[in-house]
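**Q** The following comprises the amino acid sequence and a computationally predicted model.
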Amino acid sequence: SWTIKVDTHPPAITYNDPTAGATIPWTNTDPAPYDVDFIRNPTAEAASSPLDFAQYRIDAAGWANIFSGGGYDDYTTDWSIPWGDLAEGENEISLRVYDEAGNYTEHFYTLGSYGFVIQKDTQVPTIVYNYPSAGDSSNWYNADPGIVIDIDFGWVAHSPLNYARYQINGSDWQSIFEDDQSSDYTADWSIDWSMTREGLDSVNIVVADSAGNVLTHNFVTGSTGFLFRVDTTPPTITYTYPVQGGVTQWYATDPGAVIDIDFGWVENSPLDYAQYRIDGSDWQTIFDVDQSSDYTTDWSVNWSMLADAANEISVRVFDVAGNSTEHSPYADSTQANPMGFLYRKDATTPDIVAIQCWHENTHSSEIYQTEWQNDGIVSFTWTDAASPSGDTYFYEYNTDPGSTIDGTEPTTTDTYVDDYNLSEGDNWYFHVKPRNGAGTWGEEKVFNIYFDETMPSISYTYPTAGGGTYWYAEDPGNVIDIDFLRVDSYSPLNYARYRISDGAWHSIFEDDRTDDYEDNWGLTWADLGPGTNEIDLEVADSAGNVLFHNYVVSTSGFLFKKTTVKITSLLCYEENTHTTPISEASWQNDGEVSFVWAGENFDEHLTFYYRYDDSSDPTINADPSAADGNTGATTYDNDYPLDEGEKYYHVQGYKSTTGEWSNEAIFEIWYDGTAPTTAEIYTITEGSDYCDIDSSSSWVVYYGDDGAGSFTVKVKAADALSGLDKATFPNTVSDGGDDSPPEEGDWQFDWVYSFDAGGETYGAPRQTATIYVYDNAGNPASVTFDVDQDYVNPSAPTSITMNADGWDDPTTYDNDIQIFVEWDTASPPDDGGSDIYSYYGDFENTAPTSDIGTDLQEIAYCLEEYTGPGWYTYYIRAKDRVGNWSGTASDS
């Protein structure tokens, strides 16, 4: 028998963990075992068959046993699925269970109902570096940059990204994100600024997904993580030249890189750039290449951008982190926080427009160039287009009109010099030359200042200072001999004038003159009153120096004396009959004369005083004691004896009733009663061969009659007083003549006497000629000489003997010939007394006194040389000194 077991109740599947239809969270490790039971008789209504097997399948794959072989009661053992069988991602797990009766239960995965899902994810998320690069550095930051980190976290399409974190310098991890997300995390993120420190912060990164896959990137240079660079310390600016808040020197031309201001690196982010700007203009680059060291190179400022002024220069420097130090705007060194510096440019050339000179420091009364003035302490001012750098003025005062300033002179920064002491003269020059603060010289300007503080002077000759003139009955004209002197060679005299008894001024001269005024001058006759007139004088030079002389007795000024008693004529006569006048200032030889005068307003009350002396000026001069005597009221003086020389007779009348003197009349009388002295023949010279002079003892003139001839007589004479007037030759030799002698010294007078051939003017015997010499007073003197005619020929030689000094043979001619000339007496005779002169050859121009002989070598040689061999005749004759020839002798 058998038993038929009937089981119609399918087994059950009980979900504990996971629950039915659940999804197991993502995992990267096997989540088994699974607490899903298989129940044999879930209802317990009747006996049921044992469980035969249970299976699972992954997605649509084949079924795999959980248990098998039958005979199982409830299967409550946790079980697993091979991890390797699971695919990456979501695995839908379906379950089924069979009992031995063939009942089964199948749970195909239904979300929330049956089966479950295993989410497998063993792939780690990724970290994608955009900024900074992996293992690299961030930019430098000097403040929280915020969300700047561009590092993404990659989802690998399975379990969601769960979180990402970063760690700074080994500190606690800080969240980037913490919420699951099934996509890449690409949002930029930030670093907690408060956790950073100065310098290089190493940053580690971790990212994990929901499956527990974790990727950690610790900082490894060039590989993973990154450095977050923090620099909050600004670079420094260190001033050497110029100082902080200071100034450069003034520059006239671009000095180039002279600015010594350094930019200090503080060892974190590199220096990025440094800039300057001029006033408020755009910033200009000093350097813009990053460097992790101090920038100590001297630098320059763009010259063309600078104004001619003190330019305010601001400076700033940046590091790569953005830290900056800016010195702007400019603040000078007196401020609490000086900034920048002043760059001083002055490319201008200083220019003095004009120099002016002033009498006083108020600069209100001008002195003009090259005009004389007498202020010795003056001010000089000048106008100047001021240079931006300020001008220093070099000045000096010298006698050189050229450019002389070389920088060693006194200086001022004012445009004036007060209380300047001058030197007298017109050749002094005040020089000014500007130099601006940049060292540029301007043109030297020169002011020619004329200064004369020396008073002109008044020099009294006639009348004397404080004295009086002579008495004048009529206008004497320019008789005042008072000179106006410059004293120095500086300013010209400008004017001189006089006034009569405090009346109006009268001009003596008014034109500038560079010489002393030494001309005699006169007063206006009509303005003078009778009697004594007080005369004041004043003279000024062009510089304004004025000398005033008012009349003070014996000191200054003078008295001009005007009278109505007038001597109108004073004459001189040879005798007391007053009929033969003697000319004034003319030589005469009468030693006793008469003087006669006449005039106006003469009466019995007049007494006439006379004086005879050497002065042409009045010497009685209203002083009876100065006279030689008086004639009472008589108007003549007879038989007055004269002295030799040039003398003067004076007469002046005095009227006792009025106390008035007449003018003093003066007659110039010249008297010479002595004949000329030292009259003599100075020389007589012959004018031709037909005249000969003998001066061996006394002067004798010989002349012949064979030709025309002439001689010249020179007379020497002198006269100590009146001087020589003329000389005459009143005889048959000449008609004579008059000549005017020189004014002084010996006098020579030449006569040229000519005679004709063939005649005897004097004839024999010898005769005497006389020359008379007269002085200007008519006194004569005389000199004589003899004249003798010679018309007798001298004797001819009696023989000529030629001797050869040895003959070689009859056909050989000797060039050495001796010739001997003989006269019939011991000496060559001449009836006229003349000497004998040879005529031919070596005797030419000799005066033989006896027979003569000589060798005629040259004569013979020349005969042979120029005319050839042959016979030649030699002739000889004589001639005396007045041209008479002898007969001829000859030999061959």
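**A** Thanks, I have it.

**Q** Let me see the contact set for residue 394.
**A** 405, 407, 409-411, 432-435 (C-beta atoms under 8 Å, 6 or more residues apart in numbering). Backbone N, C-alpha and C define where each C-beta goes, glycine included.

**Q** Report the buried members of those residues.
**A** For the contacts of residue 394, a burial check counting by 16 or more other C-beta atoms under 10 Å picks out 405, 409, 432-435.

**Q** I'd like these as JSON lines, with distance to residue 556 and pLDDT appended.
**A** Output for the buried ones among the contacts of residue 394, formatted as JSON lines (distance: C-beta to C-beta, whole Å; pLDDT from 0 to 100):
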{"residue": "405", "distance to residue 556": "47", "pLDDT": "96"}
{"residue": "409", "distance to residue 556": "46", "pLDDT": "95"}
{"residue": "432", "distance to residue 556": "44", "pLDDT": "97"}
{"residue": "433", "distance to residue 556": "49", "pLDDT": "97"}
{"residue": "434", "distance to residue 556": "51", "pLDDT": "96"}
{"residue": "435", "distance to residue 556": "54", "pLDDT": "95"}
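
**Q** just curious, which of the residues you listed is nearest to residue 342?
**A** residue 435 (20.2 Å; C-beta to C-beta).

**Q** residues in contact with that closest one?
**A** Applying C-beta under 8 Å, 6+ apart, the residues near residue 435 are 350, 391-394, 407, 441-442.

**Q** So, low pLDDT: which residues of the stretch 651-800 of the chain?
**A** Along the stretch 651-800 of the chain, segments meeting pLDDT under 70 span 686-698, 701-711, 729-767, 788-796, 799-800.

**Q** Start and end of stretch 125-144, how far apart?
**A** 29 Å (C-alpha to C-alpha, to the nearest Å).

**Q** average pLDDT for stretch 594-607?
**A** Averaged across stretch 594-607, the pLDDT comes to 94.

**Q** first to last residue in that stretch, what's the distance?
**A** 18 Å.

**Q** Please shift the residue numbers so they start at 5 in all later answers.
**A** Got it, first residue is 5 now, which makes that one stretch 598-611.

**Q** my read: residue 514 touches residue 497, true?
**A** No. Shown here, residue 514 and residue 497 do not form a contact pair, counting by C-beta atoms under 8 Å, at 9.9 Å.

**Q** quick one, phi psi at residue 464?
**A** Dihedral pair for residue 464: phi -90, psi 120, per degrees, to the nearest 10.

**Q** where's the residue lying closest to it once chain neighbours are set aside, which helix or strand?
**A** Once flanking residues are discounted, residue 464 sits nearest to residue 486: 5.3 Å by C-beta to C-beta, 6 or more residues apart in numbering. Using DSSP states H and E, residue 486 sits within strand 485-489.

**Q** Show me what that strand is packed up against.
**A** strand 461-466 (3 or more C-beta pairs under 8 Å, 6 or more residues apart in numbering; DSSP states H and E).

**Q** if we can go back for a sec, just give me the neighbour total for the residue nearest to residue 464.
**A** Using other C-beta atoms under 10 Å, residue 486 is surrounded by 25 other residues.

**Q** Check residue 162 too.
**A** Residue 162: 22 neighbours (other C-beta under 10 Å).

**Q** now do residue 86
**A** 10.

**Q** Report pLDDT for it.
**A** At residue 86, pLDDT is 96.

**Q** which residues does it contact?
**A** Counting by C-beta under 8 Å, 6+ apart, residue 86 has no contacts.

**Q** try residue 545
**A** Counting by C-beta under 8 Å, 6+ apart, residue 545 has contacts 376, 456, 459-460, 490, 494-498.

**Q** Could I get the phi/psi values of it?
**A** Dihedral angles (degrees, to the nearest 10) for residue 545: phi -100, psi 180.

**Q** Turn the buried ones among the contacts of residue 398 into TSV, including distance to residue 87 and secondary structure.
**A** Listed next are these as TSV, based on distance: C-beta to C-beta, whole Å; DSSP: H, G, I helix; E, B strand; the rest coil:
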residue	distance to residue 87	secondary structure
409	108	coil
413	109	coil
436	109	strand
437	106	strand
438	102	strand
439	99	strand
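
**Q** The following helix or strand past the strand holding residue 486 - contacts with which helices or strands?
**A** Once strand 485-489 ends, the next helix or strand along the chain (criterion: DSSP H and E) is strand 497-504. The contact analysis (3+ C-beta pairs under 8 Å, 6+ apart) places strand 497-504 against strand 509-513, strand 535-545.

**Q** So which of these has the densest surroundings on average?
**A** Of all the helices and strands packed on strand 497-504, strand 535-545 has the most neighbours on average by mean count of other C-beta atoms under 10 Å, namely a mean of 21.

**Q** now it: how far from the chain's centre is it?
**A** From the chain centre to the centre of strand 535-545 is a distance of 52 Å (C-alpha atoms, centre = their mean, to the nearest Å).

**Q** Repeat that for stretch 107-115.
**A** The answer for stretch 107-115 is 122 Å, by C-alpha atoms, centre = their mean.

**Q** State the distance from the residue nearest to residue 464 to residue 617.
**A** 24 Å (C-beta to C-beta, to the nearest Å).

**Q** about what we covered before: quick one: which of residue 514 and residue 497 has more around it?
**A** residue 497 (24 against 11).

**Q** any idea how far that one lies from residue 379?
**A** In terms of C-beta to C-beta, residue 497 sits 19 Å off from residue 379.

**Q** same thing with residue 29?
**A** Counting by C-beta to C-beta - residue 29 and residue 379 are separated by 119 Å.

**Q** again, but for residue 464
**A** Residue 464 is 30 Å from residue 379, by C-beta to C-beta.

**Q** rewinding a little: so which of the contacts of residue 545 is surrounded by the most neighbours?
**A** residue 495 leads the contacts of residue 545 on contacts (other C-beta under 10 Å) with 28 neighbours.

**Q** That one contacts residue 550, correct?
**A** No. Using C-beta under 8 Å, residue 495 makes no contact with residue 550, being 11.9 Å away.

**Q** can the contacts of residue 545 go into JSON lines with extra columns for pLDDT?
**A** Output for these, formatted as JSON lines (pLDDT from 0 to 100):
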{"residue": "376", "pLDDT": "93"}
{"residue": "456", "pLDDT": "95"}
{"residue": "459", "pLDDT": "95"}
{"residue": "460", "pLDDT": "96"}
{"residue": "490", "pLDDT": "91"}
{"residue": "494", "pLDDT": "91"}
{"residue": "495", "pLDDT": "92"}
{"residue": "496", "pLDDT": "93"}
{"residue": "497", "pLDDT": "95"}
{"residue": "498", "pLDDT": "95"}
